[in-house]
Each structure stands twice: as structure tokens, then as C-alpha cells.
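Colleague: Structure for this input, please:
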Amino acid sequence: MKDVHVLDLGCGAGRDCYVLSQLVGANGSVIGVDMTKEQLAVARKHRDYHAKKFGFANVEFREGFIEDLRTARISDESADVVISNCVLNLSPDKTSAFGEIFRALKKGGELYFSDVFADRRIPPDVAIDPVLRGECLGGALYWEDFRRLIAAVGCRDVRTVERRRVAINNPDLEHKTGLIEFYSVTIRAFKLDLEDRCEDYGQAAVYNGTIPEAPNAFDLDDHHRFVAHKAVPVCGNTADMLSLSRYAPHFEIIGDKSIHFGLFDCGSPPTPTVGNAAAPIKCC
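Modeller: Coordinates of the predicted model:
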């Protein structure tokens, strides 16, 4: 990831930041943001060690709130990639948090995060329970509300990379949550002017096999695998994700948007679900 600038929200003790440090290399940078002074103290304690051991002094840790990244001196359109790991569900103001993420992302930048989602809206008594909150269940977003929220801040097509059911192996917690189903979902979202449906323009994408970690095939999401040097039909949104983001050097897009053929044939199943709620996790 050459010349890539990454923002880690809720960085904690900095472990992910130090992994990212090696991925972005000397020309990239990583900023970790956390609201907890004690966690940041641990992260900063090991900064010199990692720089000396692995050769990259490219990590910085800042105190601030993800709902207002200006508190951490994060500028507009300064990040190529924003990541977080089970942090956004803890935010008391998720609308502001996602709005700040898309403010900080560059045009074509990517939000790549994992979090807990629910198949319905969390009742108030469950949401405020301190144990459920701490277990990242009380603050879980209902998928459809997340879809609406992220569309409102500028992303009308989010992609699921991975999804699995969260098992609650505690009778007391199961009693409190009732019939709510929780899912751990890894999501990829781009700051691009995408359409809210998959439209067919007769385009195809060819992966050049040039990403070092993926020489044979690249997985954009859980239903787009691009085998190296093989043309794959794609919708207009997917074509834009691959050609207008940091992935552009690794792909060739065949065709343009001069002719429209209607909705893209998403195949089967077209609309997988989170629990029993129809949720367009997969787009095409």
C-alpha cells in the first residue's frame, strides 16, 4: 500500500496501527485515534521500539472522539483508508461518527471495518444495559438503519466482506436480548458517487494480479472474486469501486457508461438477509 494514509478509530493500545505501519511502509502513515488516555499511553510507549525494530517511524497516536475527529486534528479528505474494529457500535452518536469518517476520507477513499449488527432495532432497556453495552451488543445497529445512515452521509452501496452469527453463550444475556439475532459483519464502503442499485452498463473488470498479497485472485467482497487476468462482468458501482479507488492500478475496466442495459443481473440469491429482515448486504 504505497503512499497510503490510514486512520484507525478506537485504536486502543495500537496493535493494529503497528501492523498497518508495515503495510503502508515508509511513504505511508498511520494515525490512531482513541478517547482513552491510558490506552494511548500504552500505544505510545512502544512506538520507538517498533520504529527501531521494523524501520518505519510512521505511526502517530492522538486523543479524540470519533464523533468529532477535529478533536484529534483530523483534516478534511486526509485519509485513504479508515478502519475500526468493533468500536462504532459503542458510539452514542453514530450519525456523527459516520459523518466524520466520510469527511476525513479522500474522494475514492475506503472505510473498512468490522462491527456487530442486529436483525432489529435494540429496545431501550437492552441498549442501556451496562453489561450488554460492554459486550458490544447493546449498541449494535439494526442493519437497515445502518444502510439508511451511511447512505445519508454519502455511501449508497456498502459491501459485505464477511458475516457470521454471534453466539451468546450466557443464559442471562440470552434472556435479556430475547429473540434479537446479532451478527459480526466486516464491511467495505467507498467515498464515491455510487448509485443505490446495481445498474448494468455492459462493463467488465480484469484483475492484473499485481497486489502482492493476492497474486492469483482478489476478493472485493463476499461475492466478487476476481481471478487474475480473467474478465468478470460487473455493475457500474463495482466498476467505479475498482477504477476510482486505490485499487485502480491493479484493474482494467472494459467498457464505459455510455449505454445502459437496465438493472445488473445479481444472480442468486439477490438479497441475502440479516436474520429474518431483508437486507441488501450483497449488491451484485
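
Colleague: Tell me where the model's unsure across the protein.
Modeller: Along the chain, segments meeting pLDDT under 70 span 1-2, 267-284.

Colleague: any idea how far residue 7 is from residue 73?
Modeller: 12 Å (Cβ to Cβ, to the nearest Å). Where C-beta positions appear, they are placed from N, C-alpha and C, glycine not excepted.

Colleague: who's more crowded, those two?
Modeller: Using other Cβ atoms under 10 Å, the more surrounded residue of residue 73 and residue 7 is residue 7, with 29 against 13.

Colleague: give the contact list for the more buried one.
Modeller: Shown in contact with residue 7 (Cβ atoms under 8 Å, 6 or more residues apart in numbering): 30, 31, 33, 69, 74, 78, 79, 81, 82, 83, 104.

Colleague: Just the ones of the residues you listed in strands?
Modeller: Those of the contacts of residue 7 mapping onto strands are 30, 31, 33, 79, 81, 82, 83, per DSSP state E.

Colleague: Return the closest of those residues with respect to residue 64.
Modeller: Minimum distance to residue 64 across the ones in strands among the contacts of residue 7 is 5.1 Å, recorded for residue 33 (Cβ to Cβ).

Colleague: In space, what's closest to residue 81 - neighbours in sequence excluded?
Modeller: Among residues not flanking residue 81 along the chain, residue 6 sits closest, at 4.7 Å (Cβ to Cβ, 6 or more residues apart in numbering).

Colleague: Could you spell out the sheet neighbours of the helix or strand harbouring the one you found, each with its direction?
Modeller: If you go by DSSP states H and E, residue 6 is part of strand 5-9. The pairing partners recorded for strand 5-9 under DSSP bridges are strand 29-34 (parallel), strand 79-85 (parallel).

Colleague: so which of the ones you listed gets nearest residue 166?
Modeller: Per Cβ to Cβ, nearest to residue 166 of the strands paired with strand 5-9: strand 79-85, 14.4 Å.

Colleague: Run the chain-centre distance for the closest one.
Modeller: 7 Å (Cα atoms, centre = their mean, to the nearest Å).

Colleague: who touches that strand?
Modeller: By Cβ under 8 Å, 6+ apart, strand 79-85 touches 1, 4-10, 16, 20, 31, 66, 101, 104-106, 109-115, 246.

Colleague: Please could you give me each C-alpha atom of it, formatted as PDB?
Modeller: Only the C-alpha atoms of strand 79-85 are listed here, as PDB (Å, rounded to 0.1, in the frame of the first residue of the first chain):
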ATOM      1  CA  ALA A  79      -7.300   9.600   4.800                       C
ATOM      2  CA  ASP A  80      -7.100   7.000   2.100                       C
ATOM      3  CA  VAL A  81      -8.400   4.300   4.400                       C
ATOM      4  CA  VAL A  82     -10.400   4.400   7.700                       C
ATOM      5  CA  ILE A  83     -10.600   1.200   9.800                       C
ATOM      6  CA  SER A  84     -12.200   0.300  13.100                       C
ATOM      7  CA  ASN A  85     -12.700  -3.000  14.900                       C
END
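
Colleague: The chain should start at 633 in everything you say after this.
Modeller: Renumbered: residue one is now 633, and that last one reads strand 711-717.

Colleague: Could I get the buried residue list for it?
Modeller: Across strand 711-717, burial judged by 16 or more other Cβ atoms under 10 Å covers 711, 712, 713, 714, 715, 716, 717.

Colleague: Next, give me the two most distant ones among those residues.
Modeller: Every pair of those checked by Cβ to Cβ; the farthest is 712 and 717, at 18.1 Å.

Colleague: Now stretch 818-830: buried residues?
Modeller: Applying 16+ other Cβ under 10 Å to stretch 818-830 flags 818, 819, 820, 821, 822, 823, 824, 826, 829, 830 as buried.

Colleague: picking that back up, output the buried residues of strand 711-717 as JSON lines; include the columns distance to residue 792.
Modeller: What follows is those, written out as JSON lines (distance: Cβ to Cβ, whole Å):
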{"residue": "711", "distance to residue 792": "22"}
{"residue": "712", "distance to residue 792": "21"}
{"residue": "713", "distance to residue 792": "18"}
{"residue": "714", "distance to residue 792": "17"}
{"residue": "715", "distance to residue 792": "16"}
{"residue": "716", "distance to residue 792": "16"}
{"residue": "717", "distance to residue 792": "16"}
